[in-house]
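# Dropping the sequence and predicted coords here.
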Amino acid sequence: MTKKFEVIDGETLVETYIVPTEFIVENLIAPGLHILSGAPKIGKSWMAFWLCLQVAKGEPVWNFKTSQGTTLYLALEDSLERVQDRLTYMTYDAPPSLYVTLLSESIVTGLEEQIRNFVKEHPDTKLIMIDTFQKIRSISNDNAYAVDYKDVGYIKKIADELKIAIVLIHHVRKESHDDPISMVSGTNGITGAADSVFVLKKSKRSSVNATMCCTGRDIPYRELELNFNEETKLWKLISDSVENPEILLEDIVGIVVEFMKENESFSGTPTELAELLSGYCKEKIEPITLSKRLNKNQPDIEDAGIYYKSKRSNGKRIIILQRAERSKKSADSDGNPYIPITVPADPVGESE
């Protein structure tokens, strides 16, 4: 029997709540496979090890929040003494959830089993750094693009299945290029198979400043201007090309709550709601962006005691908001009262 596609129609897709990506480093590193590329001795290893440290401690990476968890740094080109020296430069309070190894198998000799065993022993693992990619690669005489794509895709498959972030430290070409992605050493098979690519580059070797170009499937393109402090050996953020992305709608739940304090219910189009909410915001909200943020924040909106639904009626997109009945029950483990939401029996605007 011929197999059929598993499909979802556009209307259902728009209305379906999909759990948002949980970033390891907010707006930079999500679960998946990533490439951190730069010239030799530019400071990639210092940055990679520091990223592992920050995630292990649950502390910010520059202005980006982190999701705390176990991290593993594969320092495959270093000695234990050199790694210890780096760590003591960064902190005297290293957490036990930061792990280091100097040896690993390659892609073809058992790396996957090693990674899976580590994650099995440390189920809260969030981030694994492999320094460098070249050390774990397969050796093949096949087409270069096919080999590059296969090697990166192999590691990506592991990251996706384990729901962790794996970052491969890699090199750039000697020649410069207007497109930072084209500077990554190897064929487009490497960058094409990765979820995101970070390219660290300097205008000249002696400079202590560098630009990190960031691009990927789950993140906006941004350029981070960084400074490498020779005393602390830490990269400091100077500026970010993406200043306050969607900052207004980050608190969409609070905006809706304030609106519903003065309104029992609402039923209307995204355009109509956007106009009404404009009085609670500093800037204009675009209807399409509003719909997107409402869908993504649906659980938080309902936790705030507001019934929310988006549907089509008479060819129009309709948003329904209504205060919901809530009843206190037993407290949770932290002593906070558990307040479930009760969906109205006949929400406003529910009938066609």
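That came in fine, so what should we check first?
# Assess the claim that residue 198 and residue 44 are in contact.
No. With the criterion set as C-beta atoms under 8 Å, residue 198 and residue 44 do not qualify as a contacting pair; they are 9.4 Å apart. All C-beta spots, glycine's among them, are computed from the backbone N, C-alpha and C.
# residue ranges with poor pLDDT in the stretch 151-300 of the chain?
Low-confidence segments of the stretch 151-300 of the chain, defined by pLDDT under 70, are located at 177, 243-250, 282-283.
# where do the strands sit along it?
165-171, 196-201, 209-216, 222-229, 234-240, 265-268 (DSSP state E, counting those that start in this stretch).
# out of these, nearest to residue 94?
For residue 94, the closest of these is strand 234-240, at 14.5 Å, according to C-beta to C-beta.
# follow-up on the earlier one: quick one: common contacting residues for residue 198 and residue 44?
36-37 (C-beta atoms under 8 Å, 6 or more residues apart in numbering).
# okay, these two: which has more neighbours?
For residue 198 versus residue 44, the count of surrounding residues by other C-beta atoms under 10 Å is larger for residue 198: 25 against 22.
# For stretch 13-30, give me every contacting residue.
8, 31, 51, 54-55, 61, 64-67, 69, 126-127, 164-165, 167, 195-196, 214, 216, 218-220, 245, 295-296, 298-299, 310-311, 317.
# got the buried residues for it?
Under the neighbour-count criterion of 16 or more other C-beta atoms under 10 Å, stretch 13-30 has 23-30 buried.
# Just the CA trace of it, in PDB.
Extracted as PDB, the C-alpha positions of stretch 13-30 are listed here (Å, rounded to 0.1, in the frame of the first residue of the first chain):
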ATOM      1  CA  LEU A  13      -1.800  25.000  11.900                       C
ATOM      2  CA  VAL A  14      -2.400  28.700  12.700                       C
ATOM      3  CA  GLU A  15      -4.700  27.800  15.600                       C
ATOM      4  CA  THR A  16      -2.500  25.100  17.100                       C
ATOM      5  CA  TYR A  17      -0.500  25.900  20.200                       C
ATOM      6  CA  ILE A  18       3.100  24.700  19.700                       C
ATOM      7  CA  VAL A  19       5.400  24.700  22.700                       C
ATOM      8  CA  PRO A  20       8.000  27.400  22.000                       C
ATOM      9  CA  THR A  21      11.700  26.400  21.700                       C
ATOM     10  CA  GLU A  22      13.400  26.400  25.000                       C
ATOM     11  CA  PHE A  23      16.700  28.100  24.400                       C
ATOM     12  CA  ILE A  24      19.900  27.000  26.300                       C
ATOM     13  CA  VAL A  25      21.200  30.600  25.800                       C
ATOM     14  CA  GLU A  26      18.300  32.900  25.100                       C
ATOM     15  CA  ASN A  27      18.000  33.900  21.500                       C
ATOM     16  CA  LEU A  28      21.400  32.400  20.700                       C
ATOM     17  CA  ILE A  29      21.700  28.700  21.300                       C
ATOM     18  CA  ALA A  30      18.700  26.300  21.100                       C
END
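# Tell me which stretches of the stretch 101-250 of the chain form helices.
Counting by DSSP state H, counting those that start in this stretch, the segments of the stretch 101-250 of the chain that form helices are 111-121, 144-162, 188-193.
# Adding mean neighbour count and distance to residue 135, write those helices out as TSV.
Output for these, formatted as TSV (neighbours: other C-beta atoms under 10 Å; distance: least, C-beta to C-beta, whole Å):
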stretch	mean neighbour count	distance to residue 135
helix 111-121	15	10
helix 144-162	18	12
helix 188-193	19	15
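# Of all those, which one comes closest to residue 98?
Closest approach to residue 98 among the helices of the stretch 101-250 of the chain is made by helix 111-121 (12.9 Å; C-beta to C-beta).
# Could you tell me which residues within stretch 280-297 count as buried?
Applying a neighbour-count criterion of 16+ other C-beta under 10 Å, the buried positions in stretch 280-297 are 281, 285, 287, 290-297.
# Name the surrounding residues that touch that stretch.
14-15, 17-18, 20, 246, 248-249, 252-253, 255-256, 258-259, 269-271, 273-274, 277-278, 301, 308, 310, 317, 319.
# In the sheet, which residues pair with residue 224? Tell me.
Partner residues in beta bridges with residue 224: residue 212, residue 240, with DSSP bridges as the criterion.
# thought it was touching residue 201?
No. At 11.4 Å, residue 224 does not count as touching residue 201 under the criterion of C-beta under 8 Å.
# what's near enough to touch residue 319?
Under the criterion of C-beta under 8 Å, 6+ apart, the contact list for residue 319 reads 266-270, 273, 291, 294, 308-310.
# As JSON lines, the buried residues of stretch 280-297 with distance to residue 89 would be great.
Formatted as JSON lines, the entries for the buried residues of stretch 280-297 read as follows, by distance: C-beta to C-beta, whole Å:
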{"residue": "281", "distance to residue 89": "44"}
{"residue": "285", "distance to residue 89": "46"}
{"residue": "287", "distance to residue 89": "50"}
{"residue": "290", "distance to residue 89": "46"}
{"residue": "291", "distance to residue 89": "48"}
{"residue": "292", "distance to residue 89": "43"}
{"residue": "293", "distance to residue 89": "41"}
{"residue": "294", "distance to residue 89": "46"}
{"residue": "295", "distance to residue 89": "45"}
{"residue": "296", "distance to residue 89": "40"}
{"residue": "297", "distance to residue 89": "40"}
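# quick one: residue 85 is in a strand?
No. Residue 85: not assigned to a strand; according to DSSP: H, G, I helix; E, B strand; the rest coil it is helix.
# The buried residues of stretch 280-297 in helices, which ones?
Counting by DSSP state H, the members of the buried residues of stretch 280-297 that fall within helices are 287, 290-296.
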